[in-house]
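Q: Below are the sequence and a predicted model; questions follow.
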Amino acid sequence: MFVVHHFRTGSDLKYFIVLFCILLLLIPFTVSCFLEEHFTADFYQKFSAVYGKEAEVRAKNWETFLVENSGNDDWNKINKINDFINKSVIYETDLSLWDKEDYWASPAETLGRGRGDCEDFAIAKYFSLLALGIPEGKLRLMYVRQLQIDEPHMVLIYFENKKAIPLVLDNFNPRILPANKRPDLKPIYSFNGSGLWMSKAKGLGKKVKNSSGVSAWTKLLQRIEQVEMNVPASKKDR
């Protein structure tokens, strides 16, 4: 479930951006460096201990996917990661999965559980594409209203260039389409590590100055930085 997070002070935005800059230093944007830094023996040992052997297979499939697709062009990268995450993760609400109304899982947590809600699908795609070398400026996480079911929803959008209508990567509709071909989505706001945009037509929007960060996003970055792998105690054996 997506909960709208209120923006408080300008200092929150500075904190939000600083955290993301730290993350950029921790996650070099080449696949070889990413694999060397993250898919270590210690990572797999911890991952398997927390999520089990079946989950370890998902993580190794993710590693293999990144290696095999590192040389592709952007179009192939976004199509393949959209398909990979959609097929690797089963939809489940935060309340059912994490015993919380709203929880943004890291890619490791999402693939560890093999389950997640719309935010978790979008976040896993976002960080996977960063690891594949897609520039951050081409990607935004976008909060929308899914009009077919009349519920809040999150997708990932990709800009081929600054003037292009963004492409939508979605778990609800797995087909990648331009934002103007998705009348079922009403854009609200979008963001990445560089800023937050209040959205208008076609998912473009206007960048917001002096706004605070999204609290769930800052918490997510902290967990990634600390290599946290969470799972509710009541759900460990599922």
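A: Sure thing, it's come through. Numbers count the residues shown, from 1 in each chain.
Q: roughly how far apart are Leu139 and Ala131?
A: From Leu139 across to Ala131, the span is 12 Å (CB to CB, to the nearest Å). All C-beta spots, glycine's among them, are computed from the backbone N, C-alpha and C.
Q: same question, Arg140
A: 17 Å.
Q: Comparing the two, which shows the higher neighbour count?
A: More neighbours surround Arg140 than the other of Arg140 and Ala131, with 26 against 23 (other CB atoms under 10 Å).
Q: Confirm the more buried one sits in a helix?
A: No: counting by DSSP: H, G, I helix; E, B strand; the rest coil, Arg140 falls outside a helix, being strand.
Q: in this structure, which spans are helices?
A: 10-26, 31-38, 41-51, 53-68, 74-88, 94-98, 107-113, 118-131, 215-225 (DSSP state H).
Q: Name all residues that make contact with Ser48.
A: 55-56 (CB atoms under 8 Å, 6 or more residues apart in numbering).
Q: Was I right to think Ala105 contacts Gly116?
A: Yes: because the distance of 5.6 Å satisfies CB atoms under 8 Å, Ala105 is recorded as touching Gly116.
Q: Next, count neighbours for Asn141.
A: You called it Asn, but residue 141 is Leu. Leu141 has 21 neighbours, counted by other CB under 10 Å.
Q: Repeat that for Pro174.
A: Neighbour tally, Pro174, other CB under 10 Å: 12.
Q: can you check Asn161 too?
A: Other residues close to Asn161 by other CB under 10 Å number 7.
Q: Extract the residue ranges of this protein that are flagged as low pLDDT.
A: 1-37, 194-238 (pLDDT under 70).
Q: and if we set it to 80?
A: Applying pLDDT under 80 to the chain flags the ranges 1-39, 192-238.
Q: how many neighbours does Leu147 have?
A: 13.
Q: Now do the contacts for it.
A: Per CB under 8 Å, 6+ apart, neighbours of Leu147: 183-186.
Q: List buried residues within those residues.
A: Leu185 (16 or more other CB atoms under 10 Å).
Q: Out of the contacts of Leu147, the closest to Leu66 would be?
A: Lowest distance from Leu66 to the contacts of Leu147 (CB to CB) belongs to Leu185, with 28.1 Å.
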